[in-house]
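*Asks:* below: sequence and its predicted model.
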Amino acid sequence: MASIPSSAPRPDDAPDSYVGLLVENAQERARQRGWTSVRSLPPGTVITLEYVAGRLNFVVL
């Protein structure tokens with residue numbers, strides 16, 4: 001049987017530290033802190049519920 005690939009651990013980060021930052025600054029900070037996938041979404045965006053380790057979603061007002 002093939003082994004199950006392991007994913008990178010979730011970065012030890014506080015999501016509240018991104019509140020009030022400009023989108024570009026928040027995305028840069030997230031990547032520096034180890035998030036492998038970062039995306040910004042407008043309020044009310046419909047997204048799927050699949051789990052992706054290392055992904056951080058921003059809702060931008």
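*Replies:* Here it is on my side, so go on.

*Asks:* assign the spatially most central residue of the chain to helix, strand or coil.
*Replies:* The centroid of the chain falls nearest to residue 56 when counting by C-alpha atoms, centre = their mean (0.8 Å). With DSSP: H, G, I helix; E, B strand; the rest coil as the basis, residue 56 sits in strand.

*Asks:* how near is it to residue 26?
*Replies:* According to C-beta to C-beta, to the nearest Å, residue 56 and residue 26 sit 9 Å apart. No exception for glycine: its C-beta is placed from N, CA and C like everyone else's.

*Asks:* also residue 17?
*Replies:* Taking C-beta to C-beta as the measure, residue 17 falls 9 Å from residue 26.

*Asks:* residue 29 falls within a helix, correct?
*Replies:* Yes: assessed by three-state DSSP, residue 29 belongs to a helix.

*Asks:* before we move on, the earlier item: of residue 17 and residue 26, which one has the most company?
*Replies:* Neighbour totals were compared for residue 17 and residue 26, and residue 26 leads with 19 against 12 (other C-beta atoms under 10 Å).

*Asks:* so where is this protein shaky, pLDDT-wise?
*Replies:* Scanning the chain for pLDDT under 70 picks out the ranges 1-8.

*Asks:* how about 80 then?
*Replies:* For the chain, applying pLDDT under 80 flags the ranges 1-10, 49-51, 53, 61.

*Asks:* only alpha carbons, please: show stretch 42-55 as PDB.
*Replies:* Provided in PDB are the C-alpha atoms of stretch 42-55 (Å, rounded to 0.1, in the frame of the first residue of the first chain):
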ATOM      1  CA  PRO A  42     -14.300  39.800  -1.000                       C
ATOM      2  CA  PRO A  43     -17.000  39.600   1.700                       C
ATOM      3  CA  GLY A  44     -19.600  37.000   1.000                       C
ATOM      4  CA  THR A  45     -17.500  35.000  -1.500                       C
ATOM      5  CA  VAL A  46     -18.600  31.400  -1.800                       C
ATOM      6  CA  ILE A  47     -15.700  29.000  -1.300                       C
ATOM      7  CA  THR A  48     -15.500  25.200  -1.100                       C
ATOM      8  CA  LEU A  49     -14.900  23.500   2.200                       C
ATOM      9  CA  GLU A  50     -11.900  21.300   1.200                       C
ATOM     10  CA  TYR A  51      -9.100  21.500   3.700                       C
ATOM     11  CA  VAL A  52      -5.700  22.700   2.400                       C
ATOM     12  CA  ALA A  53      -3.000  22.600   5.000                       C
ATOM     13  CA  GLY A  54      -1.000  25.800   5.000                       C
ATOM     14  CA  ARG A  55      -3.600  28.000   3.300                       C
END
